[in-house]
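A.B. asks: Quick one, fold the following:
(one chain, ligands or ions: 1)
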Amino acid sequence: MVIRIDKYLSNAGYGTRKEIKKLIRQKRVTCGGKIVKDPALKVEKAFEVTIDSEIVDLRIESHIIMNKPSGYISSNVSNADYPSVLELIASPHPEYNIAGRLDADTTGLLILSTDGNLIHRIISPKKEVQKLYYAEVSSFDKTKKEAFFKGIEIETGVITKPVRTFEIMEEKGDISLIKIGIIEGKYHQVKRMFKAIGSEVVKLHRKAIGGLVLDETLESGEYRELSENELGKIFEME
Ligand code: URA
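C.D. replies: Numbers count the residues shown, from 1 in each chain. Okay, here's the model as predicted:
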């Protein structure tokens, strides 16, 4: 694999591309024994790269699983109201992208990766990777269950693909706990599906992506690197 040195070092956890460019300007980076001058220099895994004379970790890609807390946005940058989930990750860290965004008030399984291809395979509706949610829903009308398997019009002309999973797990007064699995990720999709049939999602938690289930030992806000085995599970049928 051939990769730009600024991306390579960023993926290996040595800072953002901007920070790496600064290190290069300061002549602190070498590749194959020579000082690097161009952040676009192409490197291979076989080359020895150093920063401040220390050999860097040769990992090319990084993929992490996070138990997203409420109050964070699934975007690479914070906004005026909420910090980005990237604020939860120890710095310096690689340039992660987020596979399938969760709303600020949604909790649960989030995958972040430096590998754009992997992200695409997870979120593309064509790949049919199920995203499984536990939704607490108020005023749910059971007679509307079939509509989820047919597709729901969430705005004029926009009809969702049939759900893969729909199960009422518990009912307490006006609140139903519903397991719902979708294979696309339209904006606010789960909330809008319920809204379209006259209910309201009051709590939403993502439990699984494909065959990868949220590691319950991860406290809210915690994250860790995914193993190869877990990466494979994402694309196994749940
Ligand atoms: N659907 C929603 O409405 N919100 C999320 O965060 C995820 C899916």
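A.B. asks: and the residue lying closest to Thr106 once chain neighbours are set aside, what element?
C.D. replies: What sits nearest to Thr106 in space, not counting adjacent residues and going by Cβ to Cβ, 6 or more residues apart in numbering, is Leu204, at 4.5 Å. In short, each C-beta sits where N, CA and C put it, glycine included. Leu204 belongs to strand 200-209 when assigned by DSSP states H and E.
A.B. asks: Only the buried residues of that strand, if you could.
C.D. replies: Val201, Leu204, His205, Arg206, Lys207, Ala208, Ile209 (16 or more other Cβ atoms under 10 Å).
A.B. asks: outside of that strand, which residues touch it?
C.D. replies: 68, 99-100, 102-103, 105-111, 122, 129-139, 175, 179, 190-191, 194-195, 213-214, 234, 238 (Cβ atoms under 8 Å, 6 or more residues apart in numbering).
A.B. asks: filter the residues you listed to the buried ones?
C.D. replies: 68, 99-100, 102-103, 106-111, 122, 129-137, 179, 190-191, 194, 214, 234, 238.
A.B. asks: out of these, which are inside strands?
C.D. replies: 68, 99, 107-111, 131-137, 179 (DSSP state E).
A.B. asks: picking up where we left off before, between all of the buried residues of strand 200-209, which two are at the greatest distance?
C.D. replies: By the measure Cβ to Cβ, Val201 and Ile209 form the most distant pair in the buried residues of strand 200-209, at 18.8 Å.
A.B. asks: hang on, the earlier thing: run through the ones in strands among the buried ones among the contacts of strand 200-209 and flag the ones next to the ligand.
C.D. replies: Among these, no residue is within reach of the ligand (Cβ under 6 Å from any ligand atom).
A.B. asks: Go through those residues and name the one nearest the ligand.
C.D. replies: Tyr133 (6.3 Å; Cβ to the nearest ligand atom).
A.B. asks: who are the neighbours in contact with that closest one?
C.D. replies: Counting by Cβ under 8 Å, 6+ apart, Tyr133 has contacts Gly108, Lys179, Ile180, Gly181, Ile182, Val190, Leu204, His205, Arg206, Lys207.
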